[in-house]
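Undergrad: sequence? don't have it. structure:
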């Protein structure tokens, strides 16, 4: 039997009750990720104190805040939670994590969703919907990307520091 990943194991009920907030989506994702062997945290910040954020993101910013960051083995996964299917923000993280995923409320739909899914696929960004009843519904798996080993090592060190401080 092979190990299940974030995209292979999920609930499939999509009965709409209400639209979850970004915080509520994070609260659904944390136990889901733990059940799959990930070590997840919320509100993970990377600043220009440790990284050249401007160069890595291509934006004139000094820090990035990741909604949910998770480590499984040597693989760093960043999950950006949005109120809808918008891939622009998660693109900022593609040089900082092996896997980047966008999570959004399952009940939110827009005319541009198919365009955004196509764009996410091209960029290697995974997509999951989270329903109002707490189901995690995979839409598109992320690409497992190679990132600079120095960046990977530094991000892992910061994640591990957060994990130990939250115990």
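TA: Here it is on my side, so go on. This is a predicted model, so every value here is computed, not measured.

Undergrad: which of the helices or strands spans residue 26?
TA: helix 22-35 (DSSP states H and E).

Undergrad: my bad, should have said residue 121
TA: helix 113-123.

Undergrad: quick check: angle from the helix or strand that that helix is followed by to helix 22-35?
TA: Tracing the chain C-terminally past helix 113-123 and defining elements by DSSP H and E, one meets strand 126-130 next. Counting by axes from the mean of the first three to the mean of the last three Cα atoms, to 10 degrees, strand 126-130 points 110 degrees away from the direction of helix 22-35.

Undergrad: listing partners with orientation, what would you give for strand 126-130?
TA: strand 99-105 (parallel), strand 136-140 (antiparallel) (DSSP bridges).

Undergrad: taking helix 113-123 as reference, get the angle to that strand.
TA: Using the same axes, to 10 degrees: strand 126-130 against helix 113-123 is 140 degrees.

Undergrad: show me the one of the strands paired with strand 126-130 that comes nearest residue 32.
TA: Nearest to residue 32, of all the strands paired with strand 126-130, is strand 136-140, at 5.1 Å by Cβ to Cβ. Placement of C-beta: from N, CA and C, glycine included.

Undergrad: what lies in contact with the helix holding residue 121?
TA: 85-87, 90-91, 94, 102, 126-127, 139-140 (Cβ atoms under 8 Å, 6 or more residues apart in numbering).

Undergrad: by neighbour count, which of these wins?
TA: Highest neighbour count within the contacts of helix 113-123, by other Cβ atoms under 10 Å: residue 102, with 29 neighbours.

Undergrad: now do the contacts for residue 94.
TA: By Cβ under 8 Å, 6+ apart, the neighbours of residue 94 are 100, 123-125, 145.

Undergrad: and stretch 113-127, what's buried?
TA: 113, 116-117, 119-121, 124-127 (16 or more other Cβ atoms under 10 Å).

Undergrad: closest one to residue 47 out of those, please.
TA: residue 125 (22.7 Å).

Undergrad: mean pLDDT and distance to residue 162 for the strands paired with strand 126-130 - can I get that in CSV?
TA: Listed next are those as CSV, based on pLDDT from 0 to 100; distance: least, Cβ to Cβ, whole Å:
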stretch, mean pLDDT, distance to residue 162
strand 99-105, 95, 18
strand 136-140, 94, 23
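
Undergrad: TSV for the ones you listed, including distance to residue 49?
TA: Output for these, formatted as TSV (distance: least, Cβ to Cβ, whole Å):
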stretch	distance to residue 49
strand 99-105	22
strand 136-140	33
